[in-house]
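Novice: would you be able to build a 3D model of this:
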Amino acid sequence: MKSFEHWDIYYLYEYAYSFMLHGDGDIKLIYFENLGERFCYVVMQKDIADSEKFAGIIEKKKYYDWETPYGYGGPLGDKIISTESQRIFACEIKQYCIENGVVSQFVRFHPLLNNQNMLSNVIESRYLRDTIYMDVDMDEKQIFANLDSKNRNMVRKAQKNDVIIEQRKIEEIDDFIDMYNETMIKNQAAKYYIFEKEYFDSLNEMKDNVCLFYAMRRNVPISGAIIYYNSEFAHYHLSGSKTEFRKYSPSNLLLYQVACWAHKKGIKKFHLGGGMAPDDSLFGFKKQFNRNGRSPFAVGRTVFDDAAYQKLLVCRERVDPGFDVNNNFMIQYRR
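Specialist: Below you'll find the predicted structure:
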């Protein structure tokens, strides 16, 4: 994987393994090479019968689908993939999937790699929303200047209220887990976003590409974030904070200091991600960190077995009269 120039943490086995423990399916690496052109991507394979929507409706171990791991992914390549290579890959992957019961795939493309068109003849793509990144290939003064004025004031407020930022080893994660769970409960997050201790323990396998930052006030952790990174990109993965200390704006200072840390490590971009919906409050918070740092996020799909795909739509409609087979989900039977 690391033989590709712009590899990122989302393509590492250890990253996918943590989500396999989370119940996202079995790990599959898709690799293709033809006449000097090559690419790969990672997917999680799940038995569709294990979905709540299909429990007891279809038999197990008959229909599967693929999805790129939580975060970002899609094809990772060295250069543009020719139309002929795409044609060959499309034929080969379709044959493999039909023979192995894989009905479709859902792909979250990588906003910083801008790879949504690399396999445009194979994966149908759709723009979803923007994400935010901080350009950290500049000095700390310029990073600070790129924050909007309100955010700069929040950073100063945190500093005036004795908030400091500490980098910790990923093993020192217990306080973070407590803050993360508190935040998820407060935000009424979906069950998927509640992680077991096993998931957090698995992050030790990526200790060369993950670290933990705490915002501390008078020796008490009040906010925290898990940061993934390699030599080119850093990613704001998970975060949490103690409700009673949010008035001190610890997360504003934390993200600014992480950006400065990334700059010192020679990293080019610090990706904050987006919101749960276009221009929601989470996106609004993140865009304060770089007014000009938007990057488009796209998703995509491929239907490998049209007959099985239609059968699954019919099954959904049969048990749920309100189900719309023409809904706008990329994988419609998942609606």
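Novice: what about Phe39, neighbour count?
Specialist: For Phe39, the neighbour count with other C-beta atoms under 10 Å is 23. Heads up, the C-betas are built off the backbone N, CA and C, glycines and all.
Novice: use 662 as the first number for this chain going forward.
Specialist: With 662 as the first residue, the last one maps to Phe700.
Novice: please tell me how far it sits from Pro736.
Specialist: In this view, Phe700 and Pro736 are 4 Å apart by C-beta to C-beta, to the nearest Å.
Novice: next, Leu774: secondary structure please.
Specialist: coil (DSSP: H, G, I helix; E, B strand; the rest coil).
Novice: check what contacts stretch 670-682 and list those residues.
Specialist: Residues outside stretch 670-682 that contact it (C-beta atoms under 8 Å, 6 or more residues apart in numbering) are 662, 665, 687-688, 690, 701-703, 705, 729-734, 737, 771, 857, 859-860, 863-864, 866-867, 870-871, 889-891, 894, 896.
Novice: derive a PyMOL selection command for the buried subset of these.
Specialist: The buried residues among those can be selected in PyMOL (16 or more other C-beta atoms under 10 Å) with this line:
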select buried, resi 688+701+702+703+705+729+730+731+732+733+734+737+771+860+863+864+866+867+870+871+889+890+891+894+896
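Novice: what's the spacing between Ala969 and Glu843?
Specialist: 43 Å.
Novice: need phi/psi at the closest residue to Asn807 other than its chain neighbours.
Specialist: Closest residue to Asn807 apart from its sequence neighbours, by C-beta to C-beta, 6 or more residues apart in numbering: Asn951 at 5.3 Å. Taking degrees, to the nearest 10, you get phi -170, psi 100 for the backbone angles of Asn951.
Novice: can you get me a residue count around Asn951?
Specialist: 22.
Novice: can you flag which of the contacts of stretch 670-682 belong to strands?
Specialist: The strands, defined by DSSP state E, take in 687-688, 690, 701-703, 705, 737, 871, 889-890, 894, 896 from the contacts of stretch 670-682.
Novice: follow-up on the earlier one: so Ala969 and Glu843 - more neighbours on which side?
Specialist: Neighbours were counted for Ala969 and for Glu843 using other C-beta under 10 Å; Ala969 has more, 23 against 14.
Novice: want to throw the ones in strands among the contacts of stretch 670-682 into JSON lines with distance to Ile992 and pLDDT?
Specialist: Formatted as JSON lines, those follow (distance: C-beta to C-beta, whole Å; pLDDT from 0 to 100):
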{"residue": "Asp687", "distance to Ile992": "18", "pLDDT": "98"}
{"residue": "Ile688", "distance to Ile992": "19", "pLDDT": "98"}
{"residue": "Leu690", "distance to Ile992": "21", "pLDDT": "98"}
{"residue": "Cys701", "distance to Ile992": "22", "pLDDT": "98"}
{"residue": "Tyr702", "distance to Ile992": "17", "pLDDT": "98"}
{"residue": "Val703", "distance to Ile992": "18", "pLDDT": "98"}
{"residue": "Met705", "distance to Ile992": "13", "pLDDT": "98"}
{"residue": "Leu737", "distance to Ile992": "22", "pLDDT": "98"}
{"residue": "Val871", "distance to Ile992": "30", "pLDDT": "97"}
{"residue": "Tyr889", "distance to Ile992": "26", "pLDDT": "98"}
{"residue": "Tyr890", "distance to Ile992": "31", "pLDDT": "98"}
{"residue": "Phe894", "distance to Ile992": "28", "pLDDT": "98"}
{"residue": "His896", "distance to Ile992": "25", "pLDDT": "98"}
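Novice: leaving out sequence neighbours, find the closest residue to the residue nearest the centre of the chain.
Specialist: The centroid of the chain falls nearest to Gly732 when counting by C-alpha atoms, centre = their mean (1.0 Å). Leaving aside its sequence neighbours, Gly732 sits nearest to Tyr671 (C-beta to C-beta, 6+ apart; 5.0 Å).
Novice: gap between the one you found and Ser810?
Specialist: From Tyr671 to Ser810 the distance is 33 Å (C-beta to C-beta).
Novice: one more: Ser912?
Specialist: In terms of C-beta to C-beta, Ser912 sits 18 Å off from Ser810.
Novice: one more: Asp981?
Specialist: 50 Å.
Novice: number of nearby residues for Leu780?
Specialist: By other C-beta under 10 Å, the residues close to Leu780 number 25.
Novice: contacting residues around it?
Specialist: 700, 735-736, 742, 747, 750 are the contacts of Leu780 under C-beta under 8 Å, 6+ apart.
Novice: tell me the one of those residues nearest Phe715?
Specialist: Nearest to Phe715 out of those is Gly735 (C-beta to C-beta; 25.9 Å).
Novice: my read is that the closest one contacts Phe767, right?
Specialist: No: using C-beta atoms under 8 Å, Gly735 makes no contact with Phe767, being 10.7 Å away.
Novice: what's the overlap in contacts for the two?
Specialist: Common contact partners of Gly735 and Phe767 (C-beta under 8 Å, 6+ apart): 729, 961.
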